[in-house]
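1. sharing a sequence plus its predicted fold:
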Amino acid sequence: MKRLLPAVCLAVALTVTADPARAEGINLSWDECGSSGIATKSWTCDSDDGQAFKLVASVVAPANVQEVTAIEYQVDVEAGVKLPEWWKHGLSVCRGDSAISLGFEFGTGVTPCADFTGGLWSNGMALDSPSGNRVRMRLFTFAPQGTPANLVEGSEYYVFTLQIRPARTTACAGCAIDACIVLNSLQFYQTPVLNHDPLLVGAGAGGRNHVTWQSEKVLGCPNSTPVRNATWGTVKSLYR
């Protein structure tokens, strides 16, 4: 499944202060970024309506990410013995293609993380076929053409949100089953002349790159699989 939004050719200006004490890494939380969010979300699974559950991903920037044109992410969802229908998304499966969406819903006002997208970046999503009790989501975000982002080393930035909606909960079994969700990796893609596309595969000091659903303790969580090394050509092929 792919969802793509057209790029918008506008510049983004961003000023933040570096925190040299913070180690680079990726973070995943419910509701808000990093330590300002929570690690576990539970729900009664008794309705098809209501507010979406929001996963917020963020990154503490490494050094030398000054011309970021795109970012690729790999997110693993693992639940039960066999992946429940509730965690299957796409045109031909139980929850359809509208119960989950990738975006940049970071909120307004004073927030703990900086937003380098300025509301102008585009996104895409591709889901692997479920394997046993796990499914992998490949997520992509893109800068407007000609306006790469400059991230300050040691500062924490929002990178994406996943909105998980209650749609078809009563028709698709498995909502109540404990689940583990892992932000497995984040890879920056920069202007080709830099020849520097850093890959981050774990949380920084004090961070957390996984959350749980329905239970604080899920056996084997986090339990991610090795990341797939991608190339910029691979990423571009998904939004042509």
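-> Sure, I can see it. Numbers count the residues shown, from 1 in each chain.
2. please make it C-alpha for all contacts and neighbour counts, starting now.
-> OK.
3. regarding this structure, what is its longest strand?
-> Criterion DSSP state E: the longest strand present in the chain is strand 65-79.
4. so what touches that strand?
-> Strand 65-79 is contacted from outside by 87, 133-145, 147-153, 177-191, 224, 227, 235, using Cα atoms under 8 Å, 6 or more residues apart in numbering.
5. mean confidence score for the helix or strand following that strand?
-> Following strand 65-79 in sequence order, the next helix or strand is strand 100-103 (DSSP states H and E). Averaging pLDDT along strand 100-103 yields 96.
6. only the buried subset of the contacts of strand 65-79, as a PyMOL command please.
-> Restricted to buried positions by 16 or more other Cα atoms under 10 Å, the PyMOL selection for the contacts of strand 65-79 reads:
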select buried, resi 87+134+135+136+137+138+139+140+141+142+143+144+147+148+149+150+151+152+153+177+178+179+180+181+182+183+184+185+186+187+188+189+190+191+224+235
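7. now do the SS call for the residue in the chain sticking out farthest from the centre.
-> Within the chain, the residue lying farthest from the chain centre (Cα atoms, centre = their mean) is residue 193, at 26.9 Å. Of the three states, residue 193 takes helix under DSSP: H, G, I helix; E, B strand; the rest coil.
8. now do the same contact list for it.
-> Applying Cα under 8 Å, 6+ apart, no residues contact residue 193.
9. follow-up on the earlier one: so which of the contacts of strand 65-79 belong to strands?
-> Counting by DSSP E, these place 134-142, 149-151, 179-190 in strands.
10. now residue 127, which residues is it bridged with?
-> Under DSSP bridges, the beta-bridge partners of residue 127 are residue 137.
11. from memory it sits against residue 135, does it?
-> Yes: between residue 127 and residue 135 there is a contact under Cα atoms under 8 Å: 7.4 Å.
12. got a pLDDT number for the residue farthest from the centre of the chain?
-> pLDDT recorded at residue 193 is 95.
13. buried residues in stretch 112-123?
-> Neighbour-count burial for stretch 112-123 flags 113, 114, 115, 116, 117, 120, 121, 122, 123 (criterion: 16+ other Cα under 10 Å).
14. distance from the chain centre to that stretch, please.
-> A distance of 13 Å separates the centroid of the chain from that of stretch 112-123, by Cα atoms, centre = their mean, to the nearest Å.
15. can I get it in CSV, CA atoms only?
-> Taking only C-alpha atoms (Å, rounded to 0.1, in the frame of the first residue of the first chain), the coordinates of stretch 112-123 have been written out as CSV:
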residue,chain,number,x,y,z
PRO,A,112,9.0,19.8,23.5
CYS,A,113,10.5,19.0,20.1
ALA,A,114,11.2,21.1,17.1
ASP,A,115,9.4,20.7,13.8
PHE,A,116,11.7,21.0,10.8
THR,A,117,9.0,20.1,8.3
GLY,A,118,7.1,23.3,8.7
GLY,A,119,4.0,21.5,7.5
LEU,A,120,5.4,21.3,4.0
TRP,A,121,6.9,17.8,3.8
SER,A,122,5.2,15.0,2.0
ASN,A,123,5.0,11.3,3.0
